[in-house]
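Chemist: coordinates only, sequence not included:
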């Protein structure tokens with residue numbers, strides 16, 4: 001039998017204290033290492049936020065496929081994807097003059113994975129209905145204006161109206177003679193024409209259509225006397241001499257119609273407005289995410305391919321800071337409310 005001298009292994013109070021001290025020191029080593037690495041800091045490996053984006057981005061277009069907004073969105077998405085490192089997927093959600101798709105994005109998570117392409121109708125809609133499902137200023141983060149589109153006052157040459165003054169004169173001679181067409185009640189061409197009427201003193205009856213192309217067809221046939229339209233549906237007829245542009249509505253002449261004066265040149269003040277397109281995100285989207293999307297969009301707009309494709313639709317790429325775009329939205333909402341109120345335009 002093995003004899004053990006237990007007297008040599010008996011623990012004393014001093015031995016126990018030393019043993020506990022060694023265990024405590026060993027236990028504190030991992031904590032010291034973690035502390036040196038920045039324990040609790042959000043930029044450490046232990047609590048690092050994933051870089052944006054890490055999955056595909058949805059770009060909601062609140063209008064039907066095939067229209068100007070849809071075409072622009074697809075051009076942008078294609079060029080933004082390589083910069084962002086993720087696909088940008090188009091999601092068409094048409095309805096209620098853009099309200100349905102816009103409301104979907106207003107209520108989406110503010111994480112940068114749901115964006116919205118808006119048109120000028122975004123700032124017109126608040127003046128058309130008291131049942132707005134969202135606030136265009138408070139419920140979105142502006143990202144950037146991406147394009148502008150000039151509009152023109154267009155007539156049939158058979159009308160013998162060769163200038164804005166001719167049109168004003170016809171209206172004064174017979175206030176019930178003129179009819180104008182638009183793509184529908186409350187659409188941008190409708191409110192633009194009402195702004196022109198208020199600024200020029202022209203009297204004309206509104207004839208709404210289901211789309212801009214239908215209005216152009218009736219202008220060609222002489223059923224209506226003029227329209228205010230973006231250039232895409234009318235340009236082939238202007239070039240063929242079947243329609244005539246009397247003026248453009250922007251602050252100056254358009255490079256697409258360099259021989260056509262602006263309304264301001266013709267003495268009609270207060271109609272220095274261009275149609276535009278822009279990108280917004282849900283309110284609360286972090287500024288770094290907004291800026292990354294903005295940079296990708298501006299980079300896309302600077303490419304020769306995108307410039308050429310926009311020119312084919314008589315549009316121009318326009319970049320802005322989020323702050324500049326937000327200021328424009330805040331400015332135009334009340335402006336269009338005053339126009340729609342004075343003209344009695346409503347969707348309610």
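Modeler: Sure, I can see it. Owing to the predicted nature of the structure, the values given are computational and were not obtained by experimental measurement. Numbers count the residues shown, from 1 in each chain.
Chemist: give me the low-pLDDT residue ranges for the stretch 151-300 of the chain?
Modeler: Counting by pLDDT under 70, the stretch 151-300 of the chain contains no low-confidence range.
Chemist: hey, where'd the helices end up in it?
Modeler: Secondary structure of the stretch 151-300 of the chain by DSSP state H, counting those that start in this stretch: the helices cover 164-173, 188-200, 212-221, 235-240, 287-301.
Chemist: Give me the contact list for the next helix or strand after the longest one.
Modeler: Just to be clear, that refers to helix 287-301. Heading C-terminal from helix 287-301, the first helix or strand you meet, by DSSP states H and E, is helix 304-311. Applying Cβ atoms under 8 Å, 6 or more residues apart in numbering, the set of residues contacting helix 304-311 from outside is 72, 75, 76, 79, 147, 256, 300, 301, 316, 317. Using the backbone N, CA and C atoms, a C-beta is placed for each residue, glycine as well.
Chemist: how about a cut-off of 6 Å?
Modeler: Helix 304-311 is touched from outside by 75, 79, 300, 317, with contacts defined as Cβ atoms under 6 Å, 6 or more residues apart in numbering.
Chemist: Pipe the residues you listed into TSV and attach secondary structure, distance to residue 124 and neighbour count per row.
Modeler: Compiled in TSV, the contacts of helix 304-311 are given as follows (DSSP: H, G, I helix; E, B strand; the rest coil; distance: Cβ to Cβ, whole Å; neighbours: other Cβ atoms under 10 Å):
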residue	secondary structure	distance to residue 124	neighbour count
75	helix	24	23
79	helix	28	20
300	helix	26	24
317	strand	22	23
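Chemist: Would you point out the most distant pair within those?
Modeler: Using Cβ to Cβ, the two most remote members of the contacts of helix 304-311 are 79 and 317, lying 10.5 Å apart.
Chemist: need the contact list for the residue nearest the centre of the chain.
Modeler: With distances taken as Cα atoms, centre = their mean, residue 278 lies nearest the centre of the chain, 2.5 Å away. Residues in contact with residue 278, defined by Cβ under 6 Å, 6+ apart, are 118, 145, 146, 325.
Chemist: Please repeat the previous calculation with a cut-off of 10 Å.
Modeler: Contact partners of residue 278, counting by Cβ atoms under 10 Å, 6 or more residues apart in numbering, are 116-120, 122-123, 142-148, 297, 318, 320, 325, 328-329.
Chemist: likewise residue 297?
Modeler: With Cβ under 10 Å, 6+ apart as the criterion, the residues that contact residue 297 are 76-77, 79-80, 83-84, 88, 115, 143-146, 278-279, 317, 319-320.
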